[in-house]
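Participant: Provide a 3D model corresponding to the input given below.
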Amino acid sequence: RATVTLLHAQTAGAPGATGKGKNKNKKKQKDSNTGGLRRLPVVKPAQELVDRSKKVARSVRADTSIKNARNRARKHGAETMDAITKALCIPLRDCIKGYKTELRRLHPFEKVVADLTARARQKKDGLTLMDVLDDMNEARKELLLAGKDWTAKAKNAETAREAAEYMAEGEERMYELFRELA
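Facilitator: Residues are numbered from 1 along each chain as shown. Here you go, the predicted model:
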């Protein structure tokens, strides 16, 4: 009797009885590697990055657990300058890294489209995409070095007033440098 019900289950098309699995009735899904051009990172306008870094700088608060005013001002200045530096440099780093990795992963057709677009731009401006990305990377490195210098100045200030002055001057100079490099 058990063999008859097993045979009946196989002819009735019970799931799992035929050995083909549960996905028998589902449509075959095509694996497509296209759509990589949409994954390319969006380059943010320079003013938007500056505004965002100003917002980040305002959000840095002085450490109230430090009782010595000079040390508190030093730490606040150093943390603020570090936050500004990171807010300006990290989006540039992510954009550069994103372009380089996504261009390698593109579908062959999309690779050709991207290459033709870059060559048309090269004929128009004389700059290749890699030149632009390298220039962005050099600008990022310059910003990073300037930010480290201003952070060190604020951290090693003699007085609390000097630390606050270094912080304000460093903030202005970082934004000027960023606009100059943009």
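
Participant: which residues of the protein fall in helices?
Facilitator: 2-12, 46-59, 69-105, 108-125, 129-155, 160-181 (DSSP state H).

Participant: can you list these in JSON lines and add mean neighbour count and mean pLDDT?
Facilitator: The way it works is simple: take the backbone N, C-alpha and C, and place the C-beta from them, glycine included. Putting the helices of the chain into JSON lines (neighbours: other CB atoms under 10 Å; pLDDT from 0 to 100) gives the following:
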{"stretch": "helix 2-12", "mean neighbour count": "10", "mean pLDDT": "45"}
{"stretch": "helix 46-59", "mean neighbour count": "14", "mean pLDDT": "94"}
{"stretch": "helix 69-105", "mean neighbour count": "18", "mean pLDDT": "93"}
{"stretch": "helix 108-125", "mean neighbour count": "12", "mean pLDDT": "88"}
{"stretch": "helix 129-155", "mean neighbour count": "16", "mean pLDDT": "94"}
{"stretch": "helix 160-181", "mean neighbour count": "17", "mean pLDDT": "94"}
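
Participant: what's the closest non-adjacent residue to the spatially most central residue of the chain?
Facilitator: Residue closest to the mean C-alpha point of the chain, counted by CA atoms, centre = their mean, is residue 94 at 3.0 Å. Nearest non-adjacent residue to residue 94, counting by CB to CB, 6 or more residues apart in numbering: residue 41, 6.5 Å away.

Participant: and the one you found, how far is that from residue 102?
Facilitator: 8 Å (CB to CB, to the nearest Å).

Participant: show me the contacts for residue 35.
Facilitator: Residue 35 makes contact with residue 107 under the criterion CB atoms under 8 Å, 6 or more residues apart in numbering.

Participant: can you check residue 133 too?
Facilitator: With CB under 8 Å, 6+ apart, residue 133 has these contacts: 96, 99, 100.

Participant: check residue 116 too.
Facilitator: Contacts of residue 116 (CB under 8 Å, 6+ apart): none.

Participant: picking up where we left off before, in CSV: the helices of the chain, plus distance to residue 33.
Facilitator: Converted to CSV, these look like this (distance: least, CB to CB, whole Å):
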stretch, distance to residue 33
helix 2-12, 39
helix 46-59, 32
helix 69-105, 8
helix 108-125, 9
helix 129-155, 21
helix 160-181, 36
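
Participant: wait, which of the contacts of residue 133 is closest to residue 139?
Facilitator: residue 96 (10.1 Å; CB to CB).

Participant: hang on, that closest one packs against residue 137?
Facilitator: Yes - at 5.4 Å, residue 96 counts as touching residue 137 under the criterion of CB atoms under 8 Å.

Participant: quick check: the residue nearest to the centre of the chain vs residue 86, distance?
Facilitator: Separation of residue 94 from residue 86 (CB to CB): 12 Å.
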